[in-house]
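Engineer: sequence? don't have it. structure:
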């Protein structure tokens, strides 16, 4: 198992235990039924949906933002969408990777200008720090520890 897979599964288990709501990491169908898309974490709470995307070492995090925006604009559902993207601070501050996060944040701050349905869309990013050596070793204990710390930050965002 990869570090990201271990991290994601631990985070999903913690969120599922705490929220007692359907936390899923599976395909969600577009309202038109023409595509299937996959979110890392999908939580329904009251009249809101929380989408959490884990971008630890992803080469194109903007793709997950665009996927979510497209899904929201195509949806007949009028629920508020709260998207949270989790970034590995060490990876995305490297000069060769910094622009990937910068482009994502640039679009996220301006997405309400793209479509009227995006007035029901909010975006937050969360930076976490992952040790390079632990990541390469696929250190299961470290992945779970970081997931527990991340969970503590996320639950505050979700429970508000």
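Structural biologist: Great, that's in hand. Being a predicted model, the structure only gives us computed values, none of them experimental.
Engineer: Apart from its neighbours in sequence, what residue is nearest residue 111?
Structural biologist: Leaving out its chain neighbours, the residue that sits closest to residue 111 by CB to CB, 6 or more residues apart in numbering is residue 118, at 5.2 Å. C-betas here are computed from N, CA, C, even on glycine.
Engineer: I misspoke; the intended subject was residue 55.
Structural biologist: residue 61 (4.1 Å).
Engineer: I'd assumed residue 87 was in contact with the one you found.
Structural biologist: Yes. The criterion here is CB atoms under 8 Å, and residue 61 meets it with residue 87 at 7.1 Å.
Engineer: between those two, what contacts are shared?
Structural biologist: Here residue 61 and residue 87 have 55, 101 as joint contacts, going by CB atoms under 8 Å, 6 or more residues apart in numbering.
Engineer: Against residue 74, how distant is residue 67?
Structural biologist: 11 Å (CB to CB, to the nearest Å).
Engineer: Likewise for residue 96?
Structural biologist: From residue 96 over to residue 74 (counting by CB to CB), the distance is 34 Å.
Engineer: Residue 147 now?
Structural biologist: 31 Å.
Engineer: now residue 140
Structural biologist: The value you get for residue 140 to residue 74, if CB to CB is used, is 38 Å.
Engineer: And for residue 156?
Structural biologist: Residue 156 is 30 Å from residue 74, by CB to CB.
Engineer: Please identify which of those two sits among more neighbours.
Structural biologist: residue 74 (15 against 9; other CB atoms under 10 Å).
Engineer: mind listing what's buried in the one helix or strand residue 96 maps to?
Structural biologist: Assigned by DSSP states H and E, residue 96 falls within helix 95-110. Residues of helix 95-110 classed as buried: 97, 100-101, 104-105, 108 (neighbour count, 16 or more other CB atoms under 10 Å).
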